[in-house]
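Colleague: starting from these lines, generate the structure:
(chains A, B and C)
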Amino acid sequence: MTPAEQIAALRERIRHHEERYYIHTDPEISDAEFDALMRELVALEVQHPLLVTPESPTQRVSGRPAEGFATIAHAEPLLSLDNAYDEGELRAFDERVRKGLGLDADARVTYIAELKIDGLSIALTYEDGRLVRGVTRGDGVQGEDVTVNVRTIRAIPLRLRGVAPARLEIRGEVYLPNRSFARINEERERNDEPVFANPRNAAAGTMRTLDARLVSTRGLSMFAYQVVAPDGDPASLLATQTATLTALAAWGLPVEPHHATCVGIDEVVAFCAAWADARRDLEFETDGVVIKVDDVGSRAVLGATSKFPRWAIAYKFPAQQATTRVTRIDLQVGRTGAVTPVAVLEPVFLAGSTIAMATLHNQQEVARKDIRPGDMVLIEKGGDVIPKVVKPIVSLRPEGAEAPAPFVMPASCPVCQSPLQRPDEEVVWRCENPSCPARLRRSLEHFAGRKAMDIEGLGEALVDQLVSAGLVRDFADLYALDAERLAGLERMGQKSAANLVAELERSRTHDLSRLVFGLGIRHVGERGAQALARAFGTLDAIAGASVEQLQSVDDVGPVVAASVRAFFDAPATGELVERLRAAGLNFGAPVDPDADHGVKPLAGTTYVLTGTLASMTRDEAQAHLERLGARVTGSVSKKTTAVVVGADAGSKLAKAESRGVPTLDEQAFRALVGV
DNA sequence: TCCCCTCGAGTTCA
DNA sequence: CTCGAGGGGA
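Modeller: Presented below is the predicted three-dimensional model:
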């Protein structure tokens, strides 16, 4: 045998044993024997360095720590799934599927039910059978490149078995087996390190580690469940999910073995019911069952809503519950002045974390559930992370003189004592004092937030200090801070002070939309701020716009428009705006009405198409309009900028004429879009 | 006028 | 993530 052949044979044997150990959890040889094989391979590779490839099992652990993770866009977004919480919702899903596929009520759709692993989603790319990249789910559109860490996970093959497409994206879930989780926490406890709350947190924390060596010791594993069509070609997808899982296993990827092909929804329901209890014996945590239409062709027919595919649903096992005592009910004051009651709980461990607080949303909610300070309550954590108080356990409530009094909303703000207001028809009580210290703090945090002015380092703790020290009374005061004054604060050295000043400096040039969002105008969120900035160009134009002009902006209706107007009409706003201007913030540039160099000249307009155009299809016409930033809708309303009228126009033309909406003929339309 | 969808706002723990 | 409200289409 040549050295190359020897090395290849060894790698093959090692991979085989890795699979036995990490995928089938049924090793054929002892750890010592396995280590011996590895040492043999290392020795050979040392002698023949040219034969070392990145797919060699010896290359799993990279010696060099990575320098943070690069952000990578997914070829196809990782959608999340709609949830079902009970049998009824599962049956409703089945009905939607049958309707979507045009099947009778008694038809039985073939589904595949897979346990939903509680870990973190990962997208693996294989080129010519070799693992070249691992990316986290991130926000679904882009994730972090964690290839170095993924390569250390023994369940994941560095090289696929058999014949695989030249380029292949595999999706799956990285998780930490319960056994590894227990071991890690024991170690951490011994070393006086904080323990992980649950396996998922431990897995997520591990994947974020920049030290691949550490990752390799943690014992992460993975299950694969999806193949993304190479180059997005649906025809090349495997025909069924069952076939996909078989193919994944054949390529040497770990596949969770307890999946079942179910004919008809009854079998799915039974599967979910069976695993709600049986899951406790598994080596990993699962919080539900993923149900997919098995036939891939049917999936294309069903399509997706804007948020979820219509051919799959995630059934969540019933929420885990616990009982504890409400020690008292606190009140929090938010940025908009909303006063929120919060239950302070005797800490209780529930489904992976210790719960000490739970929001009670508003007074109505507290009254409806009749939760009183001192009550024992049932709390639960469903599929989501945020715990909620289900109900008080009334039978445990003392009677007579001992009975706790029902919760009453105070008449004045717990922070500034100004009277609380609640408009008729609304649920939320608000502190209307714009200079309420609590509101000021929350407002400053919002202003500095990542989606607003993105001032790193200016978080809750620092805001608190700045306000307490009287250094900051409004947004503009932030820009008067200098390193000298900051350095006097607690836990604030020269370095952090200088950093903050630099961050403030950087924030001056941010887009106008961030400033508008940061101002915290009621009913104006991230999107609304973008729409306003885009439509008016400058802060002065927004501030000077009439309610009618504001309403002409897409997605701005009477409520939002009135709120914007009220904000700029408030006595304190004028001075604030001037001080922000003096601080050199980016107030935007006027919109150039006839600018068409690369920008979107039709931004903020809405067109309706009717009739048949001679020179292009309706889709093409729509694409032209959208390319220029216009929106195209299906029916004429007062928001319609103009109706494009082709031959044989229908009722939309009549409607446009009766409402005085301008019309464009084909020639005028082509001039507008420049074709 | 009603319904659907999107957006805003509030929020827990590590 | 969820609830509720606002916007806009039917």
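
Colleague: how about A:G129, what does it touch?
Modeller: A:R159, A:L160, A:A164 (C-beta atoms under 8 Å, 6 or more residues apart in numbering). (Glycine included, C-beta is placed from N, CA and C.)

Colleague: what is the burial count for the second one?
Modeller: In other words, A:L160. 21 (other C-beta atoms under 10 Å).

Colleague: how close does it sit to DNA strand C?
Modeller: Separation of A:L160 from DNA strand C (C-beta to the nearest atom of the strand, to the nearest Å): 31 Å.

Colleague: distance of A:N586 relative to A:F34?
Modeller: To A:F34, A:N586 is 61 Å away according to C-beta to C-beta, to the nearest Å.

Colleague: correction: the previous question concerned A:V524.
Modeller: Distance of A:V524 to A:F34, given as C-beta to C-beta: 61 Å.

Colleague: more neighbours, these two?
Modeller: Taking other C-beta under 10 Å, A:V524 and A:F34 do not tie; A:V524 has more neighbours (21 against 18).

Colleague: any idea how far apart the tips of stretch A:308-319 sit?
Modeller: Its first and final residues considered, stretch A:308-319 spans 22 Å by C-alpha to C-alpha, to the nearest Å.

Colleague: now A:I313: which helix or strand?
Modeller: Taking DSSP states H and E as the criterion, A:I313 maps to strand A:312-316.

Colleague: what sits up against the strand or helix carrying A:I379?
Modeller: With secondary structure defined by DSSP H and E, A:I379 is part of strand A:376-381. Residues outside strand A:376-381 that contact it (C-beta under 8 Å, 6+ apart) are A:319-326, A:343, A:345, A:348, A:350-351, A:353, A:355, A:358, A:371, A:387-393, A:396-397.

Colleague: for it, what is the average pLDDT?
Modeller: Strand A:376-381 shows a mean pLDDT of 84.

Colleague: so does that strand get close to DNA strand C?
Modeller: No: using C-beta under 7 Å from any atom of the strand, strand A:376-381 stays clear of DNA strand C, with a minimum separation of 10.6 Å.

Colleague: equivalent analysis for stretch A:512-527, please.
Modeller: Yes: using C-beta under 7 Å from any atom of the strand, we find that stretch A:512-527 touches DNA strand C at A:H523.

Colleague: what are the C-alpha coordinates of that stretch, in PDB please?
Modeller: Output in PDB follows, covering the C-alpha atoms of stretch A:512-527 (Å, rounded to 0.1, in the frame of the first residue of the first chain):
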ATOM      1  CA  LEU A 512     -32.300  60.400   9.500                       C
ATOM      2  CA  SER A 513     -34.600  57.400   9.900                       C
ATOM      3  CA  ARG A 514     -32.600  56.300  13.000                       C
ATOM      4  CA  LEU A 515     -32.900  59.700  14.500                       C
ATOM      5  CA  VAL A 516     -36.700  59.800  13.800                       C
ATOM      6  CA  PHE A 517     -37.100  56.300  15.400                       C
ATOM      7  CA  GLY A 518     -34.900  57.300  18.300                       C
ATOM      8  CA  LEU A 519     -37.000  60.300  19.100                       C
ATOM      9  CA  GLY A 520     -39.600  57.800  20.300                       C
ATOM     10  CA  ILE A 521     -42.700  59.400  18.800                       C
ATOM     11  CA  ARG A 522     -45.700  57.400  19.700                       C
ATOM     12  CA  HIS A 523     -46.900  55.000  17.000                       C
ATOM     13  CA  VAL A 524     -43.700  55.600  15.000                       C
ATOM     14  CA  GLY A 525     -41.500  52.600  15.100                       C
ATOM     15  CA  GLU A 526     -38.700  51.400  13.000                       C
ATOM     16  CA  ARG A 527     -40.700  51.100   9.800                       C
END
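
Colleague: buried ones in that stretch?
Modeller: The neighbour-count check on stretch A:512-527 (16 or more other C-beta atoms under 10 Å) flags A:L512, A:S513, A:R514, A:L515, A:V516, A:F517, A:G518, A:L519, A:G520, A:I521, A:R522, A:V524 as buried.

Colleague: hmm, back to that, now, of the contacts of strand A:376-381, which are buried?
Modeller: A:319, A:322, A:324-326, A:343, A:345, A:350-351, A:355, A:358, A:371, A:387-390, A:392.

Colleague: so where's the stretch 1-150 of chain A uncertain?
Modeller: Counting by pLDDT under 70, the stretch 1-150 of chain A shows low-confidence ranges at A:25, A:61-68, A:139.

Colleague: and A:G537, how close does it get to A:V556?
Modeller: 15 Å.

Colleague: next one: A:D192
Modeller: From A:D192 to A:V556 the distance is 55 Å (C-beta to C-beta).

Colleague: who's more crowded, the two?
Modeller: A:V556 (24 against 6).

Colleague: count of residues packed around the closest residue to DNA strand C within the stretch 501-650 of chain A?
Modeller: Closest contact between the stretch 501-650 of chain A and DNA strand C, by C-beta to the nearest atom of the strand, is at A:G557 (2.4 Å). If you count neighbours by other C-beta under 10 Å, A:G557 ends up with 12.

Colleague: sorry, back to before: how far does the strand holding A:I379 sit from its chain's centre?
Modeller: From the chain centre to the centre of strand A:376-381 is a distance of 26 Å (C-alpha atoms, centre = their mean, to the nearest Å).

Colleague: quick one: the biggest strand by length in chain A near DNA strand B?
Modeller: Counting residues, the longest strand found in chain A (DSSP state E) is strand A:320-333. Yes: contact of strand A:320-333 with DNA strand B (C-beta under 7 Å from any atom of the strand) involves A:Q332.

Colleague: direction included, what does that strand pair up with?
Modeller: strand A:339-350 (antiparallel), strand A:376-381 (antiparallel) (DSSP bridges).

Colleague: tell me the helix or strand right after the first one.
Modeller: So the one you mean is strand A:339-350. Next element after strand A:339-350 (DSSP H and E): strand A:353-359.

Colleague: so what strands line up beside that next one?
Modeller: By DSSP bridges, strand A:353-359 pairs with strand A:339-350 (antiparallel).

Colleague: contact partners of stretch A:208-222?
Modeller: A:22, A:60-63, A:65-69, A:119, A:122, A:148-149, A:151-156, A:172-177, A:179-180, A:183-184, A:202-203, A:206-207, A:254, A:284.

Colleague: near DNA strand B, which residues of the stretch 51-200 of chain A? Just list them.
Modeller: Counting by C-beta under 7 Å from any atom of the strand, the stretch 51-200 of chain A sits next to DNA strand B at A:P194, A:F196, A:A197.

Colleague: got the contact list for the first one?
Modeller: For A:P194, the contact set (C-beta under 8 Å, 6+ apart) comprises A:R188.

Colleague: can you list phi and psi of it for me?
Modeller: The phi/psi pair for A:P194 (degrees, to the nearest 10) reads phi -60, psi 140.
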